[in-house]
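# attaching a predicted model along with its sequence, questions to come.
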There are 4 protein chains.
Amino acid sequence: MSSSFGTIFAVTVFGESHGKGIGVVVDGCPAGLKIKTSDVQMELDRRRPGFTVHTSARREEDKVRILSGIFKGHTTGAPICMFVPNKDVDSSFYEEIKETLRPSHSDYTAYLKYRGFADMRGGGRFSGRLTVALVMAGAIAKKILNTKGVKIAAHITRIGDVVAKPASVEKILDCSCSSQVVCADSSVVEKMLKALEKAKREGDSLGGTVECIVVNPPLALGEPFFDTIEGDLAKALFAIPAVKGVEFGAGFSCASMRGSKNNDPFIIKDGKIVTETNNCGGILGGITDGMPIIFRIAVKPTPSISLPQKTVNMKTMKEETIRIRGRHDPCIVPRVLPVVEAVTAIVLADHLLRQTAFSKTLEE
Amino acid sequence: MSSSFGTIFAVTVFGESHGKGIGVVVDGCPAGLKIKTSDVQMELDRRRPGFTVHTSARREEDKVRILSGIFKGHTTGAPICMFVPNKDVDSSFYEEIKETLRPSHSDYTAYLKYRGFADMRGGGRFSGRLTVALVMAGAIAKKILNTKGVKIAAHITRIGDVVAKPASVEKILDCSCSSQVVCADSSVVEKMLKALEKAKREGDSLGGTVECIVVNPPLALGEPFFDTIEGDLAKALFAIPAVKGVEFGAGFSCASMRGSKNNDPFIIKDGKIVTETNNCGGILGGITDGMPIIFRIAVKPTPSISLPQKTVNMKTMKEETIRIRGRHDPCIVPRVLPVVEAVTAIVLADHLLRQTAFSKTLEE
Amino acid sequence: MSSSFGTIFAVTVFGESHGKGIGVVVDGCPAGLKIKTSDVQMELDRRRPGFTVHTSARREEDKVRILSGIFKGHTTGAPICMFVPNKDVDSSFYEEIKETLRPSHSDYTAYLKYRGFADMRGGGRFSGRLTVALVMAGAIAKKILNTKGVKIAAHITRIGDVVAKPASVEKILDCSCSSQVVCADSSVVEKMLKALEKAKREGDSLGGTVECIVVNPPLALGEPFFDTIEGDLAKALFAIPAVKGVEFGAGFSCASMRGSKNNDPFIIKDGKIVTETNNCGGILGGITDGMPIIFRIAVKPTPSISLPQKTVNMKTMKEETIRIRGRHDPCIVPRVLPVVEAVTAIVLADHLLRQTAFSKTLEE
Amino acid sequence: MSSSFGTIFAVTVFGESHGKGIGVVVDGCPAGLKIKTSDVQMELDRRRPGFTVHTSARREEDKVRILSGIFKGHTTGAPICMFVPNKDVDSSFYEEIKETLRPSHSDYTAYLKYRGFADMRGGGRFSGRLTVALVMAGAIAKKILNTKGVKIAAHITRIGDVVAKPASVEKILDCSCSSQVVCADSSVVEKMLKALEKAKREGDSLGGTVECIVVNPPLALGEPFFDTIEGDLAKALFAIPAVKGVEFGAGFSCASMRGSKNNDPFIIKDGKIVTETNNCGGILGGITDGMPIIFRIAVKPTPSISLPQKTVNMKTMKEETIRIRGRHDPCIVPRVLPVVEAVTAIVLADHLLRQTAFSKTLEE
């Protein structure tokens, strides 16, 4: 069941970049949750391509159709299927290069795995377009979390060489809807935009990092030994194409810290136990401690670049040079933000529903 | 089923640090695999505490007992249960401090989640001692992978401020059994040992990073959309206590690279398709491409330090100072290596068995 | 993940009787399987209502749309989503009676479970119409099994008081496409039709039993301890609305047999080990032995009858009399045959793909 | 994960008949449940062999050892491992006949599946002895259900030709601890005992049927589409060796009933909605309606009989006659009662924990 994620709140993804469309089935959503089509559409609009200079030239409306599970404006307890038809599809380039491997794309591994039968037009099922499915499911998950006052916000902390300064939780929440390049450090936004334009002009691409926070997370989410919050978030995040690293709290920088520095002292604040610092990113023993969850992901530069690249033609088994045409983002980091939020919401909604089961039963 | 991992080759972990012992059930192992008790014992011996100055003073024999699933020296196809009794247990300190939260331990989150019923002596089920279970299961997984010529090796790339130089795959394979501090850059081993001794002397602890490689991985392992090799490895790695970050190939450093630099050109070598560089860490589209799998994890400094720390007493709800006694590693990085290898083997063995199913059926 | 079934070949069902339509996502189907839309349509046509006197008056075209996973006539390895829009929907009656519980329908339990939010028009997600999803997924599963020469056939063994004589495997295979009431004992077909007409005329309904056989099943399918062939088939069969019993081989009649009679002696036939009798229904220890798999299910009489029935109005909490209008089969047994075959194919295809993994790996 | 069952309350079974022992890991049990070793031992004692004339001559103490998950008399939230060592093992007969297939045992299918590597002494993992694991897990599950006032009772409704009269729920609850042959119809108990003795004397064996009821089941358990209460109970029940049929409520007899007879009218009783009859066995749409759950299973006659039987020697590939020595029950029906109750408890406990999650979250 490799296209599904979740134990109680379970998400099943389908579709291809140049097929009929992208869809998702959300199973296990409690009945009685108010959902409007526009709740889902709003999230889709946030990730839609084609709206600025630095994003892909493909123009999709991405209009969601809800095929099941919603009735009279509420979830019914039945699986919710949502579907976005593909419209603006131009597959000519992919036919042309179908034997020529695009470097750092999944052409080669898909060929190995599916023995030539995969539909690789536009990257097929490996395309970033599949994140439409995550965003739709995330819209439902966010509604569940909203009932508990949970807030999720992602922002850009790096694009290429431009690095944002660390920001407070408040700033990150604030910035989240403010500009094309969402970054809590407003002093670098202009530089990021310029870097994007330059890379595009030069036919190249840029990577970056994204930070995501969850404010007011439910207490005690996470199910050790394996289903830790870190583990489940990481697993889901790596399903986003181009993610190559995930770190929580101090992350890799804790490697150079001493315990006396990295440890987060417990203190009393407003009568409640909190930690003075938050190097653990709100997660201890794989379980949320109530402090904001904080994590960062590394996003690789878009592999589709128009510069010439060395590669191999699988049919002739000869080395060749490839120039990738088609419509591609020079950097997917700006568009990945709503996807990261969606994935986070999906994982937390599932754990919220599992947790409730686990801890409440015997008290009732 | 949060204490289980895997789809076909499935591992279920049980036990506590100061309980009767640590065990694991390995289900789905094919019949006919040769296994000697010593195969498992050898891996356990690699992670055993108490053998050097810089590791924990707790002295456990860690003798494995195989309770099921092996008959006449072979796996039978039935679940394999392995158990290591705890012997050298001293719980006095934990009774003493049971209401005082140890900073950056799971005392607080365990208290929230299990409402005071968790056995937190020695960290209970959250203890690093649980990795005994992973190592036992990993020993079986390694035997499966051995039949395909797969090699796994982890080494230390950083302890505190001491950073190793990048090393070749060959060097990493070579070093893997050479010293107490296994690091492919021999020039820093002495410094690492000194840093460990210094931290211990000062009652403090150190973090670090570990790099793991898989040479000759089976082709085309990984099941998108969610069950990518990155995703499943990351999820399993975050089950190891103290891991706070995971990155594949170039990882976080790809954030600052351009696509033209990060992309791995395909070339022909010895008549086969390979990549010239390996920034993707042997994984494209979540699927292995045959190049070595490479990843790194961030390990936080051991939270148990003897320096005084600020914390809260849950009973009095007052702030207090805690000094942690007991027997602890100043740094778990050296002991985590066999655990990382074990986890890697578990994930790959499971994917190997899933993959075989997926791709071979119709051809037969 | 309660709307999903399967470990490798995994089926996720969605839709409602009076919603937009019925759909299914089939994940884990190997790439390279030839599938035409007509392969699926043909199976749908076999279960379609409205074609004879004794079936429901609702007339649906049931035209399948394949939304993903098929490319150039083959499976691609990506999830296959298939969707059948609902057309001929008349929900007026359900609005009228929405507070009045229909006896032996799921109105009451759905109300309890989903707290009034379920879409119960036409039975909603509990409707027999959901079996459209099973039939579509079964069409794919059958194609997989066809590559191994597996044959599945279901026939009616009882309708109301009319009982068919036991039939040979050959006869059951032969009859499977022969008439509106598919039954290997042709001598009772006419009686069955008459019983159906009589029940319909009287505003009542009939139950029955269905027998299903699998000829040439793959050897050694089934994964004890829990994932036995009996267990997985039974679980999937009980997802078909109205099924209230499942028995394998001699089934309930083995309760009155002595071991000396019930045991199936092993003999050699054509150089191969077979059993002389087949009281075990082709399954020993939960694993197929190569003999035909044989099982029977009990199907309850359709609960929707036009005769007056005693019931309760949930709003007034008063007892009332209900007369159910709308369009209903007097007996679903004839239409359940393709569904039973589909479910059987789904379970066996999943086990075939799991089995291959399990037994082949080490030999290669 | 074929040796595991359950989504939240998950049970993993291991061990063999003549190996070191039988064990089970229970994961997902809420913390804070009071458990004494004697709670588990009491259930084990109910299924123990060797206590009467008509049961197996093997004499096992079946003393449970709790290896994890219980601390200070309560569950901790960590996995509970329980283990019963094997003591009274005599494997000589199995060595003798290891190439000769025992009819209607799993020798042949195990041979096919595990290619000769299975430990088949005493039936190995296929032995009825594995039900020790179910009984231990069931003891924990019963404690969870006790907190909700749920009562489970199984009794014998048939042994060979001796059939019990239908009994009221009250009678079934009453009889459950009354004699060696637990049957609510006391008028047939003596006949059943005689039938057992006669079969034993003649070297033959008997089958039978068992009925199980659940009084005061939690409302609205069951998760359609696939995870119905019927489906999950059936799947788990078929894991019990020798079970060949499962039916709920009226079961197979509903095949001959008209809807007007089979339908259960809703009525008001003591201000609550109940059904007048209970042909549905307390389950509608796969979900509990609050009426007693009622189901029956068919148990085949023990395949081990001392009468001579026709079979095949796998080595010589010749037909032979086998006479099975060793210690066997002439009928496992009496001993299967606590196992059926245990399995029922396991399934309901899991659904109780899932259900709580599903329905309560949004209201809080």
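Yep, that arrived. Residues are numbered from 1 along each chain as shown, chains lettered A, B, ... in the order given.

# helices of the stretch 101-250 of chain A, start to end?
Counting by DSSP state H, counting those that start in this stretch, the stretch 101-250 of chain A has helices at residues A:107-114, A:131-146, A:169-175, A:189-201, A:229-237.

# which of those sits closest to B:Ala78?
Between B:Ala78 and these, the shortest gap by C-beta to C-beta is with helix A:229-237, which sits at 28.0 Å. Bear in mind the C-beta positions are built from the backbone N, C-alpha and C, glycine included.

# who touches the closest one?
A:5, A:221-222, A:243, A:246, A:248, A:283, A:286-288, A:293, A:295, A:297, A:340, A:343-344, A:346-348, A:350-351, B:226, B:231-232, B:234-239, B:243-244, B:246 (C-beta atoms under 8 Å, 6 or more residues apart in numbering or on different chains).

# with stretch A:94-107 instead?
A:18, A:108, A:111, A:120-123, A:126, A:300, A:303-304, A:309-316, A:320, A:322, A:324, A:326, B:259, B:262-266, B:273, B:275, B:279-280, B:284-287.

# try 7 Å
Stretch A:94-107 has contacts (C-beta atoms under 7 Å, 6 or more residues apart in numbering or on different chains) with A:108, A:120-123, A:126, A:303-304, A:309, A:311-315, A:320, A:322, A:324, B:262-266, B:280, B:284-285, B:287.

# and stretch A:286-296, by the same measure?
By C-beta under 7 Å, 6+ apart, stretch A:286-296 touches A:157, A:169, A:209-215, A:217-222, A:224, A:228-231, A:233, A:246-249, A:251, A:274-275, A:278, A:281-283, B:106, B:108-109, B:113.

# now those: which count as buried?
Neighbour counting by 16 or more other C-beta atoms under 10 Å in any protein chain shown classes A:157, A:169, A:209-215, A:217-218, A:220-222, A:224, A:228-231, A:233, A:246-249, A:251, A:274-275, A:278, A:281-283, B:106, B:108-109, B:113 among those as buried.

# now, the residues you listed that are in strands?
A:157, A:209-215, A:246-248, A:274-275, A:283 (DSSP state E).

# tell me which two of those sit farthest apart.
A:Thr209 and A:Val274 (26.8 Å).

# what score does the residue in the stretch 51-200 of chain A that chain B sits nearest to have for pLDDT?
Shortest the stretch 51-200 of chain A-to-chain B distance, computed as C-beta to the nearest C-beta: residue-wise this is A:Ser106, at 2.5 Å. pLDDT for A:Ser106: 96.

# measure it to B:Ile293 for me?
The gap separating A:Ser106 from B:Ile293 is 16 Å, by C-beta to C-beta, to the nearest Å.

# and if you look at A:Gly207?
20 Å.

# one more: A:Lys113?
Using C-beta to C-beta, A:Lys113 is found at 16 Å from B:Ile293.

# which bits of the stretch 201-350 of chain A sit near chain D?
Within the stretch 201-350 of chain A, no position lies close to chain D (C-beta under 7 Å from any C-beta of the partner chain).

# low-confidence stretches in the stretch 101-250 of chain A?
By pLDDT under 70, the weakly predicted segments of the stretch 101-250 of chain A are A:176-178.

# winner for burial among the helices of the stretch 101-250 of chain A?
helix A:229-237 (a mean of 28; mean count of other C-beta atoms under 10 Å in any protein chain shown).
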